[in-house]
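> give the three-dimensional model of this entry:
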Amino acid sequence: MSPKDTTKLGTAIRRHREKAGLSQSALAAAIGVPASTVFRLERGEFGRPDPEKLARLAEALSIEAEELYALADYPELPDMAPYLRAKYRMSEAAVQEAEEFFAKLEKRDKKGGGRGKRGR
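Numbers count the residues shown, from 1 in each chain. Prediction:
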C-alpha cells in the first residue's frame, strides 16, 4: 500500500471519528486498542491494518466495514470469518456453517454447475 493510500484510510477514520464526536482515546477504548493505535491509523502509519480492527472501528463509527476495507486496499479481501463475527455477531458454529456453504457454492461455480439458461 502506498503512503498516499494509507493517508486516505487515515483521513476517512479521522473524519468519521470527528463526525461521531469521539476523541481518539474514546474510539480506542470502544474498540479495545491503545489510543496510540488510533493515532497511528489516522496518520497512515499502518500499511495493512488488521481486518478485525477495521471491522471494530467501522462498528464503533456506525459505518460499513467495506468502506474501510476498500480504503485499506488489501490485495485480496480478508477472510470471511472475522467479517461474519464482527458484522453479524455470528457464533463460531454459524461461521463454520457459512464457510462450508460458501465452499460448496465456490466448488459448484468452478465446475460450471450454476444455474444457467434453460434449454428451449
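> confidence score at Lys4?
Here the pLDDT value assigned to Lys4 is 52.
> same question but for Arg40, I mixed them up
94.
> and the gap between it and Tyr83?
For Arg40, the distance to Tyr83 equals 23 Å [CB to CB, to the nearest Å]. Where you see a C-beta, it was placed from the backbone N, CA and C, and this is true even at glycine.
> what helices or strands is the lowest-mean-pLDDT helix or strand in the chain leaning on?
In the chain, no helix or strand scores lower on mean pLDDT, DSSP states H and E than helix 80-88, which sits at a mean of 77. Judged by 3 or more CB pairs under 8 Å, 6 or more residues apart in numbering; DSSP states H and E, the packing partners of helix 80-88 are helix 51-61, helix 65-72, helix 92-110.
> comparing those, which comes out most buried?
helix 51-61 (a mean of 21; mean count of other CB atoms under 10 Å).
> now do that one against helix 65-72: the angle between them, please.
Here the directions of helix 51-61 and helix 65-72 differ by 130 degrees (axes from the mean of the first three to the mean of the last three CA atoms, to 10 degrees).
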